[in-house]
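Chemist: fold the stuff below for me.
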Amino acid sequence: MGNSASASTKLPALNTVQTCDTSRFMGTWFVIAVKPTFAETTCSNAVEKYTLLDEKESHDIDIDFTYNPKEDPYETKNKVKSLPQKGWIQGNDRTTSGDWKVSPLWPIKMSYPIIDLDEKEYSYAVIGYPSRAYCWILARQPVMDEKVYTDITTRLVENHQYDLDGLRKVPQQWTEDERTKRGLNDKEIPNSLLMKKE
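Modeler: Numbers count the residues shown, from 1 in each chain. Now for the predicted structure:
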């Protein structure tokens with residue numbers, strides 16, 4: 001089991017999930033809720049796509065993070081932004097470790113521990129941060145059952161000593177046109193979850 005500690009916090013180290021099948025984790029994730037970084041305080045339609053690279057590359061994972069910077073994804077001039085990132089899997093086995101580091105820009109490398117995961121279906125995941133200043137609740141579709149969400153936030157507090165102040169749900173409002181423009185498909189966003197743009 002990996003863990004992530006920080007010299008700047010007296011909180012205990014975050015325990016990562018015992019195992020994370022890296023290949024199953026790859027693909028599209030929607031950001032359901034976040035304790036935000038500067039780029040995420042008002043974002044909407046936030047999506048992360050993970051791609052595992054060949055071992056010969058200088059890093060392990062490409063992360064394509066795209067989002068609308070404002071709360072309403074269809075507000076005039078609220079253009080999609082992209083923040084490509086690089087990921088490194090920590091530990092001796094890159095196929096099963098939930099302890100990662102991510103670089104949003106050089107030379108920064110942030111701890112990126114996977115601290116909660118639907119280990120059966122890989123339908124949701126939670127990424128923590130040692131100081132508890134940030135976290136990301138992810139799902140394979142842009143909606144999450146409220147009970148699942150509540151259970152996740154309860155575990156954040158009880159198992160990981162998170163304070164939920166500042167946790168925000170990220171608006172996920174998708175039209176068919178927007179789904180197509182962002183290169184997503186009807187498995188990732190089923191037609192039943194699409195809204196009609198007025």
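Chemist: name the residues that touch stretch 116-125?
Modeler: The contact list for stretch 116-125, computed with CB atoms under 8 Å, 6 or more residues apart in numbering, reads 17, 19-21, 24-25, 29, 32, 98, 114, 126, 137-141, 144, 148, 152, 155-156. Where you see a C-beta, it was placed from the backbone N, CA and C, and this is true even at glycine.
Chemist: try stretch 161-177
Modeler: Outside stretch 161-177, the residues that touch it by CB under 8 Å, 6+ apart are 11-12, 30-36, 40-41, 43-46, 71-74, 128, 132, 135, 142-143, 153, 156-157, 184, 189, 191, 193-197.
Chemist: return the subset of these lying in strands.
Modeler: Those of those mapping onto strands are 30-35, 44-46, 135, per DSSP state E.
Chemist: compare those residues and tell me which is most surrounded.
Modeler: Counting neighbours by other CB atoms under 10 Å, Ala46 leads those with 27 neighbours.
Chemist: what about it, distance to Asp93?
Modeler: 30 Å (CB to CB, to the nearest Å).
Chemist: thinking again about what came up before, from the contacts of stretch 116-125, list the buried ones, please.
Modeler: Neighbour-count burial (16 or more other CB atoms under 10 Å) is assigned, among these, to 17, 20, 25, 29, 32, 98, 114, 126, 137-141, 144, 152, 156.
Chemist: closest one to Asp54 out of the residues you listed, please.
Modeler: Phe25 (16.9 Å; CB to CB).
Chemist: now do the contacts for Ser103.
Modeler: 59, 85-88, 109-110.
Chemist: now the residues you listed: which count as buried?
Modeler: 59, 85-88.
Chemist: for the chain, which residues score under the pLDDT cut-off?
Modeler: 1-9, 197-198 (pLDDT under 70).
Chemist: output the contacting helices and strands for the longest helix seen in it.
Modeler: In terms of residue count, the longest helix belonging to the chain (DSSP state H) is helix 146-160. Applying 3 or more CB pairs under 8 Å, 6 or more residues apart in numbering; DSSP states H and E, we find helix 146-160 packed against strand 27-35, strand 110-117, strand 124-127, strand 135-139.
Chemist: and those strands as CSV, adding distance to Arg168?
Modeler: Below are the helices and strands packed on helix 146-160 laid out as CSV (distance: least, CB to CB, whole Å):
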stretch, distance to Arg168
strand 27-35, 6
strand 110-117, 18
strand 124-127, 15
strand 135-139, 10
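Chemist: hmm, Ile100 is touching Trp88, no?
Modeler: Wrong residue type there; residue 100 is Trp, not Ile. Yes: counting by CB atoms under 8 Å, Trp88 is a contact partner of Trp100 at 6.5 Å.
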